[in-house]
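Novice: Following is a predicted model, sequence given first.
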Amino acid sequence: MMQAGPRNLITDVPGLRVGNAEDHGLRSGATVLLGDRPFTAAVNVMGGAPGTRETDLLAPDKLVQEVDALVLAGGSAFGLDAASAVADGLRAMGRGFVVGDQKVPIVPGAILFDLLNGGDKAWVENPYKALGRAALAAAAEDFAIGSVGAGTGATTATLKGGLGSASVVLGSGITVGALVAVNALGQVTVGDGAQFWAAPWEIGGEFGGLGQPQRFTPTDEPQPRKRMGEATTIAIVATDAALTQAQAQRMATAAHDGMARAIVPSHTPFDGDLVFAAATGARALLDPVTDPFLLGHAAACCLARAIARAIFAANARPGDLIPSWQSRFGPPG
């Protein structure tokens, strides 16, 4: 039986911290996953409209095998500047890949589209560099979820999106966690009800304990409620296991199952859905066959739970174009 970590956050993986920064006037923000030291990273992209930075570097055959941080941000292509600010901050800390007498921080990132959510986007200077800088400064083991960081201005087909996280500790002692900004074309809840698609994987009532509706027959063909390029769910799954970059990539690939369980439909041509994987290497694999199998399963379960938690924790704000789960369905119970 799976058990959530003490925080039920990705930072239950020792050596990882998360920082959020947001601007509620802008209705957008940025989120940073920072390691105490460089960590192995990989990525798998399954959506048709991704926006990324330095993801080619994460292939197993490339020179650099470890990164210093991962960044998720709103703002579409403008949001990629958040990762530039994180790289600047890490360089000032003396961190980065050593090339001669220079250190180059490796900071891959991904963005979601939140430019049409009612926020003030009439900036003269790109605001995402400042948001990236603030998110790095805020990095800690404890952090908020919901309408914060990269999930601040996110939406789904029917409800506000948000930032979510979850964790699980396996019987071997290995920890797996997930962090996600949900801005999906699809729905995270079932039909017109409050129940979440991710309900079968819920632990301890973490998103209301509502269960699945007793009967649900999907008779209608889904219709896109956002335009091309307006959606994307971007996620990170992490573990303290010692993984090669190829093994981390396989964990990221398996984690996409969790996205498909929690968002219907997912991986559409209009979404830029992707999953980063991070492995700190603190715990050796006890079984080179079984452990990677369990890690992939745990990552998928964690990601499904984190997606539901993001929507469940989102809060309403004046001027919202779409209701939050809490404002539409009210507190559970």
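Specialist: Everything's here; your move. Numbers count the residues shown, from 1 in each chain.

Novice: Could you report the neighbour count for residue 171?
Specialist: 9 (other Cβ atoms under 10 Å). For the C-beta atoms, the positions are set from N, CA and C on the backbone; glycine is no exception.

Novice: Next up, phi/psi of it, please.
Specialist: In terms of degrees, to the nearest 10, the main-chain angles of residue 171 are phi -60, psi -30.

Novice: Just the C-alpha atoms of stretch 86-94, please, in PDB.
Specialist: Taking Å, rounded to 0.1, in the frame of the first residue of the first chain, the C-alpha atoms of stretch 86-94 are listed here in PDB:
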ATOM      1  CA  VAL A  86      17.400  31.400 -12.100                       C
ATOM      2  CA  ALA A  87      20.600  30.800 -14.100                       C
ATOM      3  CA  ASP A  88      21.800  34.200 -13.200                       C
ATOM      4  CA  GLY A  89      21.100  33.600  -9.500                       C
ATOM      5  CA  LEU A  90      22.800  30.300  -9.500                       C
ATOM      6  CA  ARG A  91      25.800  31.700 -11.200                       C
ATOM      7  CA  ALA A  92      26.100  34.300  -8.500                       C
ATOM      8  CA  MET A  93      26.000  31.500  -6.000                       C
ATOM      9  CA  GLY A  94      29.000  29.900  -7.700                       C
END
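
Novice: Kindly provide the whole-number mean pLDDT of that stretch.
Specialist: The average pLDDT for stretch 86-94 rounds to 96.

Novice: again, but for stretch 316-328
Specialist: Mean pLDDT, stretch 316-328: 93.

Novice: Name the residues that touch it?
Specialist: 24, 117-118, 147, 155-156, 158-160, 189, 194, 311-312, 314-315 (Cβ atoms under 8 Å, 6 or more residues apart in numbering).

Novice: now do stretch 259-268
Specialist: For stretch 259-268, contacts defined as Cβ under 8 Å, 6+ apart pick out 46-48, 156, 182, 184-188, 196-198, 200-201, 218, 222, 224, 231, 233, 235, 256, 273, 275, 300, 303-305, 307-308.

Novice: Could you work out the end-to-end span of it for me?
Specialist: Counting by Cα to Cα, to the nearest Å, you get 12 Å between the two ends of stretch 259-268.

Novice: which parts of that stretch are buried?
Specialist: By 16 or more other Cβ atoms under 10 Å, the buried positions in stretch 259-268 come out as 259, 260, 261, 262, 263, 264, 266, 267, 268.

Novice: With adjacent residues omitted, what lies nearest to residue 187?
Specialist: Leaving out its chain neighbours, the residue that sits closest to residue 187 by Cβ to Cβ, 6 or more residues apart in numbering is residue 157, at 4.7 Å.

Novice: ok, the one you found to residue 191 distance?
Specialist: 12 Å (Cβ to Cβ, to the nearest Å).

Novice: what's the helix or strand for the spatially closest residue to residue 148 that is not a sequence neighbour?
Specialist: The shortest distance from residue 148 to any non-neighbouring residue, by Cβ to Cβ, 6+ apart, is to residue 20 (4.6 Å). Per DSSP states H and E, residue 20 falls inside strand 16-23.

Novice: In the chain, what residue spans correspond to helices?
Specialist: 81-92, 128-137, 245-262, 290-313, 325-329 (DSSP state H).

Novice: pretty sure residue 175 contacts residue 11?
Specialist: No. Using Cβ atoms under 8 Å, residue 175 is not in contact with residue 11, being 9.9 Å away.

Novice: and the gap between residue 144 and residue 238?
Specialist: In this view, residue 144 and residue 238 are 18 Å apart by Cβ to Cβ.

Novice: next one: residue 94
Specialist: From residue 94 over to residue 238 (counting by Cβ to Cβ), the distance is 24 Å.

Novice: what's the longest strand in the protein?
Specialist: strand 28-45 (DSSP state E).

Novice: which stretches of the stretch 201-333 of the chain have low pLDDT?
Specialist: Low-confidence segments of the stretch 201-333 of the chain (pLDDT under 70): 214-229, 332-333.

Novice: Let's see that with 80 instead.
Specialist: Residues of the stretch 201-333 of the chain meeting the criterion pLDDT under 80: 212-231, 270-272, 289, 331-333.
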